[in-house]
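Undergrad: Task: produce atomic coordinates for the following.
(one chain, ligands or ions: 1)
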Amino acid sequence: MKGLKGKTALITGASSGIGQAIAVRLAQEGCNIAINYRKNPEGAEDTEEQAMQKACGQAEECGVQSLLVQGDVSQEEDIVNVISATVDKFGGLDILINNAGIQTEQASHEVSTDEFDRVINVNLRGAYLCARETIKHFLAQNRPGVIINVSSVHEVIPRPSYISYSISKGGMGNMTKTLALEYANRGIRINAIAPGATITPINDAWTHDPEQKAIVESHIPMGRAGTSEEMAAAVAFLVSDEATYITGQTLFIDGGLTLYADFREAWSA
Ligand code: NAD
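TA: Now for the predicted structure:
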């Protein structure tokens, strides 16, 4: 993809799933990558190994560098440290991928305040604080920059029993638009991707159970769940110079999930 070689990208929650695939893909495109993880250094090392393998193959040196950087995106102090560690190592930051996310399932009337806050603090407040600190850096250095928020189809589809998750992703959609509008005239683009059902550890509850998987996939017009690599491909496009006129958008990557499979056949005259 155009314009990615030599850029620096920070990916939050990159020790597994979609974040891992994005880190690997951006390294393959020639970006230096800062791999943020919260509590899984082995996963982060695995990301680094895969990324360097894709970027460099057997070559000893290929110009792509990586950094493992521990930090919890729900902690403001950690975010500031993660960003400054990235800037110190690579001399700047060009791309932020707000990927870290969690979900919990519970009837909405039974969710405790602490549990509600926990999800919002990672998925929405954490993403905003990472964006805020990154935008400060872009402006201070007078450099263009790109932010991608990893949202969800639940940015628009209500998700009963996942109230804090639904609110966080709905909020992320508006955050994407608001920040995009605010900084569009300063060379900063902000977009989101909205994955549909994707095979990653967050979905362990159904991805390893053929019956459950078939139920999930029956709601997807294309008839299958997505892969992390398919999400990463869209991110690579959106952060590249192939997408220089795109800002404030959420790109749904969902095999048609948001076309609603139940409406495939006419059900009313
Ligand atoms: P995942 O569980 O593999 O990835 C989430 C990552 O976030 C993990 O590496 C986890 O360690 C990290 N993380 C959690 N809390 C953190 C914190 N406080 N600080 C730093 N990192 C933290 O699952 P995934 O599917 O790859 O999820 C990635 C993103 O994609 C999430 O934002 C999720 O909501 C979104 N998403 C996933 C799907 C799907 O079907 N898998 C669908 C829509 C959206």
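Undergrad: what's the spacing between the residue nearest to residue 134 when sequence neighbours are not counted and residue 191?
TA: Distance criterion CB to CB, 6 or more residues apart in numbering; nearest residue to residue 134, sequence neighbours excluded, is residue 96 at 4.3 Å. From N, CA and C alone the C-beta is placed, and that goes for glycine too. From residue 96 across to residue 191, the span is 11 Å (CB to CB, to the nearest Å).
Undergrad: Those two: who's more crowded?
TA: residue 96 (29 against 23; other CB atoms under 10 Å).
Undergrad: Give the other helices and strands that the helix or strand harbouring the more buried one contacts.
TA: In the assignment (DSSP states H and E), residue 96 maps to strand 95-98. Applying 3 or more CB pairs under 8 Å, 6 or more residues apart in numbering; DSSP states H and E, one finds that strand 95-98 contacts strand 8-11, helix 17-28, helix 126-141, strand 145-150, helix 228-239.
Undergrad: Tell me the pLDDT of residue 185.
TA: You'll see residue 185 listed with a pLDDT of 98.
Undergrad: What of the one 4 residues further on?
TA: Looking at residue 189, its pLDDT is 98.
Undergrad: Next: residue 155.
TA: So, for residue 155, pLDDT stands at 98.
Undergrad: So it is in contact with residue 170, correct?
TA: Yes - under the criterion of CB atoms under 8 Å, residue 155 makes contact with residue 170 at 5.7 Å.
Undergrad: before we move on, back to that, let me see the residues that make contact with the strand holding residue 96.
TA: 7-12, 14, 19, 22, 26, 31, 126-127, 130-131, 134, 145-150, 172, 235, 239 (CB atoms under 8 Å, 6 or more residues apart in numbering).
Undergrad: Whichever residue of the stretch 51-200 of the chain sits closest to the ligand: neighbour count?
TA: Nearest residue of the stretch 51-200 of the chain to the ligand (CB to the nearest ligand atom) works out as residue 101 at 2.2 Å. Residue 101 has 26 neighbours, counted by other CB under 10 Å.
Undergrad: Please apply the same query to residue 179.
TA: Residue 179 has 21 neighbours, counted by other CB under 10 Å.
Undergrad: and what of residue 6?
TA: Neighbour tally, residue 6, other CB under 10 Å: 12.
Undergrad: Hmm, it is touching residue 63, no?
TA: Yes - counting by CB under 8 Å, residue 63 is a contact partner of residue 6 at 7.3 Å.
Undergrad: What parts of the chain come near the ligand?
TA: 12-13, 15-19, 36, 38, 40, 72-74, 99-102, 122, 150, 152, 195, 197-198, 200-203 (CB under 6 Å from any ligand atom).
Undergrad: I only care about those residues that end up buried; give me the PyMOL line for that.
TA: Buried subset of these, written as a PyMOL selection, criterion 16 or more other CB atoms under 10 Å:
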select buried, resi 12+13+15+16+17+18+19+36+38+40+72+73+74+99+100+101+102+122+150+152+195+197+198+200+203
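Undergrad: all strands for this structure, in order.
TA: 8-11, 32-37, 66-70, 95-98, 145-150, 188-195, 250-253 (DSSP state E).
Undergrad: Name the residues that touch the last one?
TA: Strand 250-253 has contacts (CB under 8 Å, 6+ apart) with 151, 153, 155, 173, 176, 191-196, 226, 230-231, 234, 238, 258.
Undergrad: Buried ones among the residues you listed?
TA: 151, 153, 155, 173, 176, 191-196, 226, 230-231, 234, 238.
Undergrad: tell me the helices in the stretch 51-200 of the chain, going along the chain?
TA: 76-90, 113-120, 126-141, 163-183 (DSSP state H, counting those that start in this stretch).
Undergrad: elements contacting the third one?
TA: Right, the one you point to is helix 126-141. For helix 126-141, the contact count by 3+ CB pairs under 8 Å, 6+ apart identifies helix 76-90, strand 95-98, strand 145-150, helix 163-183, strand 188-195 as packing neighbours.
Undergrad: Of these, which stretch is the most buried?
TA: strand 95-98 (a mean of 29; mean count of other CB atoms under 10 Å).
Undergrad: tell me the contacts of the closest residue to the residue of the stretch 51-200 of the chain closest to the ligand other than its chain neighbours?
TA: Leaving aside its chain neighbours, residue 101 sits nearest to residue 123 (4.9 Å; criterion: CB to CB, 6+ apart). When contacts are counted by CB under 8 Å, 6+ apart, residue 123 touches 100-102, 164-165, 168-169, 172.
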